[in-house]
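A.B. asks: got a structure for you, letters missing:
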């Protein structure tokens, strides 16, 4: 229409009997307006005479190429079959068309478009891969040719495919992950159990002691020997039943003489208080020595009231360590009877009250003036103390002595205490071997 | 109604784009949509061209317009603006021609105005950027080209076939504009 050219008969479309004919090869430009003139006749009679107008840019439709799709797990292969059904374009018009192949994939209402730049020289088959898809989903694909200068386009029919599920891979992955985790858990449990058993010593017991307990090569001086126990460290008190003659506080000659003789015969005029020492029992005293223990208590500590001099004292038990007794004995002997004299006088004034503490302390009473002395004589010959041989753990054996009658304390004896002291001392010296021999001087 | 909404939307988009730097993607979309509308309207305006085969005229549009791929963006915009402006001038002279559907002509003029508005904003941007092609020979040739069209109409006394021939020529111009729009690549 823009050129003043005459009407042209389109080759291949003259004198045809088919209902259509392709005239696009006669086009010179896609922007031109063309006037197709169709004349239909039967014989010499004209039946059809119509003219129309056509503009390629407005009405030309490019048919999409043939294609096939193949679905996989997460991608789809689109196999495109060129050459597309493009018109025979005038030279240079292809660039002007700015053709591109659009591939659309749709799934659950979501459409994605993929554009491929092509031109009229694109021929043959090629495969386009649509990736990053969701497995086990249904995807539909459509293709069409698109031009920036063409108004109309023709979309191909949708072709759909369901992607393969990823169940196997997922299950295999999950199975492998589960197996690894279970192995890890088992290893942790077994390791923890072995650690615990080792810690508690149930397994892998150590044959070696810690270094701190290894005494090999340690110098002996590091562990000095304990000093030997003194012979009097442990004493065994033997319970002795004695009859003691009660002192009637008479100082008659006859009686004195007789009494003196008797006492001397009995023990040199000493008021012997038989000390019976039993085997050590630190927890509780034996039943037989209950009285003695009471008496021992009275001996050890100043009682609230001094007990009257018993007529007979069956027992005089002292419970205590032998060391104490021995020391007392030796101390008394060394003091030459001063102590004993003191105690004797005290005893006489108190009418035979037994001093609570044979070793009076400053705060223990009864305290007597130097003039009032209480003498306490003990014939240690009647006391047997045996030192255990080496083994401190064993209780010393008990040695029983025959019963002896013990006279009460005689004041004349007490008065003559000092005279007797040497004899006592001699006796003490003679028998001052260990504990068994010793006197407490008046 | 739909065309008026599309027109208003196009104007709105052009004005929105004016506040920003030249976004050639949006400019292409706006121009192409408007240009497509213009093509449709012109195609409706052309009736029975087979009767005006004797009044056909080769107005010899510049070849550079037929091959827009050699233009740069700034030159393409200048050429497009010149063409739109000239087309608008030509069709403003057709109101007096009876037999035309005035509604279509009004819509056509609106579409042309919208495109010119968008291009004016973009041209201002490139003018501030200092990229305006002041010496554009294609634009000068286009002035000569459209002057010849107006002289043809005047010579044909603004007859119906003259106008049909001119409509067909303008329809070609709009197609060339699509090519020029493609040259506005980022």
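C.D. replies: Done, it's in. Just so you know, these numbers come straight off a predicted model, no measurement behind them.
A.B. asks: so which strand or helix has the closest residue to residue B:171 other than its chain neighbours?
C.D. replies: Of all residues not flanking residue B:171 in the chain, residue B:42 sits nearest, at 4.7 Å (C-beta to C-beta, 6 or more residues apart in numbering or on different chains). C-beta here means a position set from N, CA and C on the backbone, and glycine is covered the same way. With elements taken from DSSP states H and E, the one containing residue B:42 is helix B:24-45.
A.B. asks: which residues are contacting that helix?
C.D. replies: Contacts with helix B:24-45, where a contact means C-beta atoms under 8 Å, 6 or more residues apart in numbering or on different chains, come from A:55, A:57-58, A:148, A:151, B:3, B:6-7, B:10, B:13-14, B:17, B:73, B:80, B:100-101, B:104-105, B:107-108, B:111-112, B:114-115, B:118-119, B:122, B:167, B:170-171, B:174-175, B:177-178, B:181-182, B:184-186.
A.B. asks: and if you look at stretch B:143-159?
C.D. replies: B:55, B:57, B:59-62, B:82-83, B:86-87, B:89-90, B:93-94, B:96-97, B:162-163, B:165-166, B:169.
A.B. asks: buried residues in it?
C.D. replies: Within stretch B:143-159, the residues that qualify as buried are B:145, B:146, B:149, B:152, B:153, B:156, counting by 16 or more other C-beta atoms under 10 Å in any protein chain shown.
A.B. asks: Sort out which of these are in helices and list them.
C.D. replies: Of these, the ones assigned to helices by DSSP state H are B:145, B:146, B:149, B:152, B:153.
A.B. asks: Skipping adjacent residues, who's closest to residue B:162 in space?
C.D. replies: Counting by C-beta to C-beta, 6+ apart, the residue nearest residue B:162 is residue B:156, at 3.3 Å.
A.B. asks: Got phi/psi on that neighbour?
C.D. replies: Dihedral pair for residue B:156: phi -90, psi 10, per degrees, to the nearest 10.
A.B. asks: What parts of chain B come near chain A?
C.D. replies: B:32, B:36, B:39-40, B:43, B:46, B:49-50, B:53, B:56-59, B:67, B:69, B:165, B:168-169, B:171-172, B:175-176, B:178-179, B:181-182 (C-beta under 8 Å from any C-beta of the partner chain).
A.B. asks: Now the buried members of these.
C.D. replies: Buried by 16+ other C-beta under 10 Å: B:32, B:36, B:39-40, B:43, B:46, B:49, B:53, B:56-57, B:59, B:165, B:168-169, B:171-172, B:175-176, B:178-179, B:181-182, out of the residues of chain B next to chain A.
A.B. asks: related to what we said a few turns ago, relative to residue A:163, how far out is the residue nearest to residue B:171?
C.D. replies: 48 Å (C-beta to C-beta, to the nearest Å).
A.B. asks: Looking at those two, which one has more neighbours?
C.D. replies: Taking neighbours as other C-beta atoms under 10 Å in any protein chain shown, residue B:42 and residue A:163 compare with residue B:42 leading, 24 against 19.
A.B. asks: Check the more buried one and give its pLDDT.
C.D. replies: For residue B:42, the pLDDT comes out at 93.
A.B. asks: closest point of chain B to chain A, which residue?
C.D. replies: Residue of chain B nearest chain A, by C-beta to the nearest C-beta: residue B:175 (3.7 Å).
A.B. asks: Ramachandran angles for that residue?
C.D. replies: Backbone geometry at residue B:175, expressed as degrees, to the nearest 10, gives phi -70, psi -40.
A.B. asks: And the pLDDT at it?
C.D. replies: For residue B:175, pLDDT reads 90.
A.B. asks: so it makes contact with residue A:150?
C.D. replies: No - between residue B:175 and residue A:150 there is no contact under C-beta atoms under 8 Å: 10.4 Å.
A.B. asks: shared neighbours, these two?
C.D. replies: By C-beta under 8 Å, 6+ apart, residue B:175 and residue A:150 have these common neighbours: residue A:57.
A.B. asks: so where is chain A shaky, pLDDT-wise?
C.D. replies: For chain A, applying pLDDT under 70 flags the ranges A:84-96, A:120, A:167-173, A:206-209, A:214, A:216-442.
A.B. asks: Quick check: can you list the domain ranges of it?
C.D. replies: Following the TED database, one finds the domains of chain A at A:1-59, A:60-163.
A.B. asks: Mean neighbour count, those: which tops it?
C.D. replies: Mean neighbour count, computed with mean count of other C-beta atoms under 10 Å in any protein chain shown, is highest for domain A:60-163 among the domains of chain A, reaching a mean of 16.
A.B. asks: Just give me the longest helix of the chain.
C.D. replies: Just going to use chain A. helix A:167-200.
A.B. asks: Chain B is the one I meant
C.D. replies: Longest helix in chain B by number of residues, with DSSP H as the criterion: helix B:102-129.
A.B. asks: State the helix or strand in which the residue in chain A that chain B sits nearest to lies.
C.D. replies: The nearest approach of chain A to chain B comes at residue A:31, 3.7 Å away (C-beta to the nearest C-beta). Under DSSP H and E, no helix or strand contains residue A:31.
A.B. asks: Just list the residues touching the nearest residue to it once chain neighbours are set aside, thanks.
C.D. replies: Nearest non-adjacent residue to residue A:31, counting by C-beta to C-beta, 6+ apart: residue B:175, 3.7 Å away. Shown in contact with residue B:175 (C-beta under 8 Å, 6+ apart): A:30, A:31, A:57, A:149, B:39.
A.B. asks: Residue B:115 too?
C.D. replies: Neighbour list for residue B:115: B:30, B:31, B:34, B:35, B:38, B:80, B:84 [criterion: C-beta under 8 Å, 6+ apart].
A.B. asks: And for residue A:10?
C.D. replies: Residue A:10 sits next to A:21, A:23, A:26 when contact means C-beta under 8 Å, 6+ apart.
A.B. asks: likewise residue B:84?
C.D. replies: Listed by C-beta under 8 Å, 6+ apart, the contact set of residue B:84 reads B:112, B:115, B:116, B:119, B:177.
A.B. asks: can I assume the first one is in contact with residue B:87?
C.D. replies: Yes - A contact is recorded between residue B:112 and residue B:87 when judged using C-beta under 8 Å, the distance being 6.0 Å.
A.B. asks: residues from the stretch 151-300 of chain A in reach of chain B?
C.D. replies: Residues of the stretch 151-300 of chain A found near chain B (C-beta under 8 Å from any C-beta) are residue A:151.
A.B. asks: tell me, how many neighbours does residue B:113 end up with?
C.D. replies: A count of nearby residues for residue B:113, using other C-beta under 10 Å, gives 15.
A.B. asks: thinking it is in contact with residue B:88, fair?
C.D. replies: Yes - look at residue B:113 against residue B:88 with C-beta under 8 Å: they come within range, at 7.0 Å.
A.B. asks: Let me see the backbone angles for residue A:41.
C.D. replies: The phi/psi pair for residue A:41 (degrees, to the nearest 10) is phi -140, psi 160.
A.B. asks: got it, and the one 5 residues further on?
C.D. replies: Note on residue A:46: its backbone torsions stand at phi -90, psi 120 [degrees, to the nearest 10].
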